[in-house]
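**Q** When you get a sec, could you give me coordinates for this:
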Amino acid sequence: MKRHLSPSFWPIHRKEATWAVKPRPGPHASMISTPLTVVLRDVLGYAVTSKEARMLVHQGKVLVDGKRRKDPRYSVGLMDIVEIPDAEQYFRILPRHGGRFILHPISKQEADFKLCRIVGKTTTKGGRIQLNLHDGRNVQLKDGGGEYAVNDIVKISLPDQEVTDRIEFKPGVRAIITGGRSQGQHGIMMGLGPEPGDKKTATIRTQENEDVRTLASYVFAVGTESPVISLPGGM
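**A** Below is the predicted model of the structure:
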């Protein structure tokens, strides 16, 4: 793609060259994801050129959600786990103010699981419940599933993709804002507004004791009594 058409949160110079790496269609939309070439070259600095970044990816030096990815255009996005085993570095992709995303350093233990938002729920032919998640994956539950609802968060073990826990989307949970003008802020969800459908809002009380109102679809629960993942600045 042309560089000036690339997402604004990519840390690349818009006038340094004509072309930029185009993310391959995958689990995240192209305008809210970053290809591995850009991650290795421009974010982490493991490569100087796109050729060097491609070599690292082709050699299997990068894991995403516990799996080795050998496509330099593979896109990573919200809540994905990026691992560089040779350097013993682990990152979770989190939202940051200004429409940007950051690679937040985490421990090896925290890299063993991922949080996913439920965006759809269906019943398969065998009567089993299938959860459709925000990162494009579908997970079939072995037993039950009636308690799961859209916007709930599931904790998934990596790389076997087993659902190990659920965070119900309700007032009182710890949450982070993933879009809009308040993207990147986190705190406690105080309540949901009366608006219908996609216009429903939520109020988040931040660490500074300020109430922020945003769309409920931008609110991503990360814990009940306390966050189950580490966050920039803590909570």
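**Q** now stretch 101-109, how far from the centre of its chain.
**A** 11 Å (C-alpha atoms, centre = their mean, to the nearest Å).
**Q** buried ones in it?
**A** Within stretch 101-109, the residues scored as buried using 16 or more other C-beta atoms under 10 Å are 101, 103-104, 106. In short, each C-beta sits where N, CA and C put it, glycine included.
**Q** Let me have these in CSV, adding pLDDT and secondary structure as columns.
**A** Formatted as CSV, the buried residues of stretch 101-109 follow (pLDDT from 0 to 100; DSSP: H, G, I helix; E, B strand; the rest coil):
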residue, pLDDT, secondary structure
Phe101, 86, strand
Leu103, 92, strand
His104, 94, strand
Ile106, 95, coil
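**Q** Closest to Ala216 out of the residues you listed?
**A** Phe101 (20.5 Å; C-beta to C-beta).
**Q** Pull up the gap between that closest one and Glu162, please.
**A** For Phe101, the distance to Glu162 (C-beta to C-beta, to the nearest Å) stands at 26 Å.
**Q** Now render the buried residues of stretch 101-109 as JSON lines, adding distance to Gln183.
**A** Output for the buried residues of stretch 101-109, formatted as JSON lines (distance: C-beta to C-beta, whole Å):
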{"residue": "Phe101", "distance to Gln183": "9"}
{"residue": "Leu103", "distance to Gln183": "16"}
{"residue": "His104", "distance to Gln183": "14"}
{"residue": "Ile106", "distance to Gln183": "20"}
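**Q** ok, of these, which one's closest to Gln59?
**A** Looking at the buried residues of stretch 101-109 and their distance to Gln59, the nearest is Leu103, at 20.1 Å (C-beta to C-beta).
**Q** Got the domain ranges for the protein?
**A** Structural domains annotated on the chain: 3-108, 111-167, 174-223, as defined by automatic domain parsing.
**Q** and Gln165, how many neighbours?
**A** Small correction: residue 165 is Asp, not Gln. By the measure other C-beta atoms under 10 Å, the count of residues near Asp165 is 13.
**Q** Would you list the phi and psi of it?
**A** Backbone torsions of Asp165, given as degrees, to the nearest 10, read phi -160, psi 170.
**Q** so it touches Ile156, yeah?
**A** No: using C-beta atoms under 8 Å, Asp165 is not in contact with Ile156, being 9.0 Å away.
**Q** What ranges does the protein have for its helices?
**A** 36-38, 50-58 (DSSP state H).
**Q** got CSV for these, with distance to Ile176 and mean pLDDT too?
**A** Formatted as CSV, these follow (distance: least, C-beta to C-beta, whole Å; pLDDT from 0 to 100):
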stretch, distance to Ile176, mean pLDDT
helix 36-38, 23, 90
helix 50-58, 29, 93
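**Q** can you put these in JSON lines and add mean neighbour count and distance to Asn209?
**A** Converted to JSON lines, the helices of the chain look like this (neighbours: other C-beta atoms under 10 Å; distance: least, C-beta to C-beta, whole Å):
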{"stretch": "helix 36-38", "mean neighbour count": "25", "distance to Asn209": "37"}
{"stretch": "helix 50-58", "mean neighbour count": "18", "distance to Asn209": "43"}
